[in-house]
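S.K.: Based on what follows, work out the 3D shape:
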Amino acid sequence: MTEVEEMQDQKYQGPHLVLIPLPLQGHLNPMLQLATLLHSKGFLITIVHTQFNSPNPSNHPNFNFEPIPDGLSDDRAAAMDIIMLVAALNVAYKAPSEELLRRLVLENPYGPIKCIISDAMMHFTQDVASILNIPRVVIRTSSAISFAAFTAFPLLKQKGCLSVQDHQLKAPVPELPPLRFKDLPSNGLATCDPDTLYHLVTHMVDGVRAASAVIWNAFDYLERTTLTKIQQDFPIPNFPVGPLHKHASSSSSSLLPQDHSCIAWLNKQAHGSVLYVSFGSLVAMEESALVETAWGLANSDQPFLWVVRPGSVHGSDWVELPEGFKEKTKGRGLIVKWAPQQEVLAHPAVGGFWTHSGWNSTLESICEGVPMLCSPWFGDQRVNARYVDHVWRVGMELENGFERREIEQAIKTVMVRNDGQEMRARIKDLKENADRCLRKGGSSYESLNSLKDYILSL
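M.R.: This next block holds a predicted model:
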C-alpha cells in the first residue's frame, strides 16, 4: 500500500466526529487544533464549514471536509460588524447544516456520528443535534473568565449595567471582580445593536448549558478559580485541555498569507530586544491611532516587528505611515502584512508583545514567556487584558487609548525598565506551569484523556 493509500485508509477509520467551527481566524484555529488532537487519539474527523472563510482542505489531508452554502458573500460579510456576522451565520447555517448532517446519518459515508463538536458561538447546532438525536459537545475557544462575564449578562441587563455613562466606566462591577464596567465584553462595540449582542450571548450560554459537555482552550493553573465556579454552575463534564496550540500547530490554518521573511530578520536581532506588534485579524483602527502607534514605536528606541495588514485602518486597504517614521526607525523596525505568530513569539529575539488581547494571542504569549502590552478592542479582549494587567500581572494595559507618550513609556516598561522586571519574571513562571500541564500527569494531559474516554462512552 502506498503512503497516499495508507493516509486515505486511516482517514476512514475510527469513531466519527463532526466538527462545526465558527469561520473566524481566532475560532477556526483552535477548532482545527482540537481536530488534529482528536484524530491523533484515533477519531475520524469531518469538518462542516461555510463557504465564507473556508479552511483549505489540502492543509489537512487526514480530515473529511463538507462545505455547505451559507448565502454570505465576502462583500456582504465585510459590511457587517462582528456581532451581526455571527448572528447571521447562526441563521444562514442552520437549515443547510441540518440537511447535510441528516444526509451523513442516512448515507453513513464515514460511519455513525458519535457526536457533534461545535463552537459555542454556533448556538444553532443545539437545535440541529436535538432534532437528529446526536450528542453535542461545545468548545469555548476564548477564556473561561470571559465566559463567566457572558453568563452575568441577564443580571447586568436587569440592573441596567450593560450600558453606562463615561464617568462610570472605571467603576468596579460588583458581580464580576476585578472587572470594571469598561472591561465588560459589551463595551467596545459601538456599531453593534445591543439587543443583537444580548440575544447572541444568551443563546450561546443557554446552548452551553444544554450541551452534553464543554471543552475549554484553557489550563487549570491559569483559570482554576473561574473553571471551578463554572463547573458548579454548569454541572456537565468540563474538559480544560488547553493551550491547544501547544498540542498541535495551526500554522497551516491561517486565513491570511504569512510572511516568513521576518524570521530571518529576527535572527539578526539581539536576544529579547524586539517588540512584536499585532492586533489580530479583525481589528481596524482610526488613522489617528495608527499615527500615534507609529510615533510611540519610533520614540521608544526599541526594535520592533509590526504587523500592518490590509484593512488595519477603517475604510482603507492602504496604510500610509506618517512622514519621517521610516527615517527615524531605519535599521530597527520591520513591517509585514501578516506574520507566523507562534514562530515569532517563540523566537529568542522577541521580548514583548503589543497585542489586542485576543485569547489565542494571550495564550501564545504566556506559553512563550513573553510579557504583554494590551490594547483591547471588543468582546473577550477587554476581560483578558484586565486579567493580564491586574490579576496575573504579566503585562500592562494602555488605559487611555493611543497616545504616543504613553505608548513610548509602556513599551520601555514592558521591555527594559526595572519596574517591569517582576512582570517579566511572573510570565516566565506561567510559561513553566503551562508546559507542566501538558506533560504526562499534567492537568491538560489528563483532561484530554478524559475527553477521549467521555466521547467513546457516548
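S.K.: residues in contact with the closest residue to residue 40 other than its chain neighbours?
M.R.: Nearest in space to residue 40, with sequence neighbours left out and distances taken as Cβ to Cβ, 6 or more residues apart in numbering, is residue 248 at 7.8 Å. In this view, the C-beta of every residue, glycine as well, is placed from N, C-alpha and C. Residue 248 makes contact with 32, 33, 34, 36, 37, 40, according to Cβ atoms under 8 Å, 6 or more residues apart in numbering.
S.K.: Save those residues as TSV, and put in distance to residue 291, pLDDT and neighbour count too.
M.R.: As requested, the contacts of residue 248 are arranged in TSV below (distance: Cβ to Cβ, whole Å; pLDDT from 0 to 100; neighbours: other Cβ atoms under 10 Å):
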residue	distance to residue 291	pLDDT	neighbour count
32	36	95	24
33	36	95	24
34	40	96	26
36	41	95	19
37	43	95	18
40	47	94	13
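S.K.: Next step: the residues you listed restricted to helices.
M.R.: Taking DSSP state H, the ones among the contacts of residue 248 that sit in helices are 32, 33, 34, 36, 37, 40.
S.K.: Can you tell me which of those is closest to residue 299?
M.R.: Closest approach to residue 299 among the ones in helices among the contacts of residue 248 (Cβ to Cβ): residue 33, at 38.1 Å.
S.K.: returning to what we had before: quick one: which two of the contacts of residue 248 are the most distant?
M.R.: Comparing all pairs in those by Cβ to Cβ, the longest separation belongs to 32 and 40, at 12.8 Å.
S.K.: which stretches of the stretch 151-300 of the chain aren't confidently modelled?
M.R.: Scanning the stretch 151-300 of the chain for pLDDT under 70 picks out the ranges 188-191, 249-252.
S.K.: For it, which segments count as helices?
M.R.: Residue ranges of the helices in the stretch 151-300 of the chain, as given by DSSP state H, counting those that start in this stretch, are 153-158, 194-210, 220-233, 244-247, 261-266, 287-300.
S.K.: Can I get those in CSV including distance to residue 272?
M.R.: Rendered in CSV, the data for those read as follows (distance: least, Cβ to Cβ, whole Å):
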stretch, distance to residue 272
helix 153-158, 41
helix 194-210, 40
helix 220-233, 23
helix 244-247, 21
helix 261-266, 11
helix 287-300, 15
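S.K.: among these, which is nearest residue 18?
M.R.: The closest of those to residue 18 is helix 194-210. By Cβ to Cβ, the value is 16.2 Å.
S.K.: List of residues touching that closest one?
M.R.: Helix 194-210 is contacted by residues 83-84, 86-87, 90, 120-121, 123, 125-126, 136, 138, 140, 147, 150-151, 153-154, 157, 162-163, 185-186, 189, 214, 234, 236 when judged by Cβ under 8 Å, 6+ apart.
S.K.: how far does it sit from the chain's center?
M.R.: Taking the mean C-alpha point of helix 194-210 and that of its whole chain, the gap between them comes to 19 Å (Cα atoms, centre = their mean, to the nearest Å).
S.K.: quick one: residue 30 from residue 247, how far?
M.R.: In this view, residue 30 and residue 247 are 10 Å apart by Cβ to Cβ, to the nearest Å.
S.K.: Same question for residue 449.
M.R.: Distance check for residue 449 against residue 247: by Cβ to Cβ, it reads 12 Å.
S.K.: Please apply the same query to residue 276.
M.R.: If you go by Cβ to Cβ, the gap between residue 276 and residue 247 works out to 23 Å.
S.K.: Those two: which has the busier surroundings?
M.R.: The neighbour count for residue 276 versus residue 247, taken as other Cβ atoms under 10 Å, is higher for residue 276 (26 against 17).
S.K.: residue contacts, the more buried one?
M.R.: 304, 305, 339, 341, 344, 345, 350, 352, 353, 354, 370.
S.K.: taking the residues you listed one by one, which sit in helices?
M.R.: Using DSSP H, the contacts of residue 276 in helices are 341, 344, 345.
S.K.: Isn't the last one up against residue 364?
M.R.: Yes - under the criterion of Cβ atoms under 8 Å, residue 345 lies in contact with residue 364, with a separation of 5.3 Å.
S.K.: Spit out the residues that contact the two alike.
M.R.: Applying Cβ under 8 Å, 6+ apart, one finds that no residue jointly contacts residue 345 and residue 364.
S.K.: what's around residue 400, how many residues?
M.R.: Around residue 400 there are 9 other residues, counting by other Cβ under 10 Å.
S.K.: That one should be in a helix, yeah?
M.R.: No - with DSSP: H, G, I helix; E, B strand; the rest coil as the criterion, residue 400 is assigned coil and is not in a helix.
S.K.: ok, which stretches of the stretch 301-450 of the chain are helices?
M.R.: Counting by DSSP H, counting those that start in this stretch, the helices of the stretch 301-450 of the chain are 325-329, 341-345, 359-367, 380-386, 404-415, 421-438, 443-457.
S.K.: what helices or strands is the second one leaning on?
M.R.: Under the contact definition 3 or more Cβ pairs under 8 Å, 6 or more residues apart in numbering; DSSP states H and E, helix 341-345 sits against helix 261-266, strand 274-278, helix 359-367.
S.K.: Same question for the third one.
M.R.: If contacts are counted by 3+ Cβ pairs under 8 Å, 6+ apart, helix 359-367 sits against helix 25-40, helix 244-247, helix 341-345, strand 350-355, helix 380-386, helix 421-438.
S.K.: relative to helix 421-438, how tilted is it?
M.R.: Orientation check (axes from the mean of the first three to the mean of the last three Cα atoms, to 10 degrees): helix 359-367 against helix 421-438 gives 100 degrees.
S.K.: domains of the protein?
M.R.: Listed domain ranges for the chain are 3-252+440-457, 255-435 (source: automatic domain parsing).
S.K.: got a list of what residue 104 touches?
M.R.: Taking Cβ under 8 Å, 6+ apart as the definition of contact, the neighbours of residue 104 are 18, 46, 66, 110, 113.
S.K.: in the helix or strand hosting it, what counts as buried?
M.R.: Secondary structure here is read from DSSP states H and E; on that basis residue 104 sits in helix 94-107. Neighbour-count burial for helix 94-107, counted by 16 or more other Cβ atoms under 10 Å, picks out 94, 96, 97, 98, 100, 101, 104.
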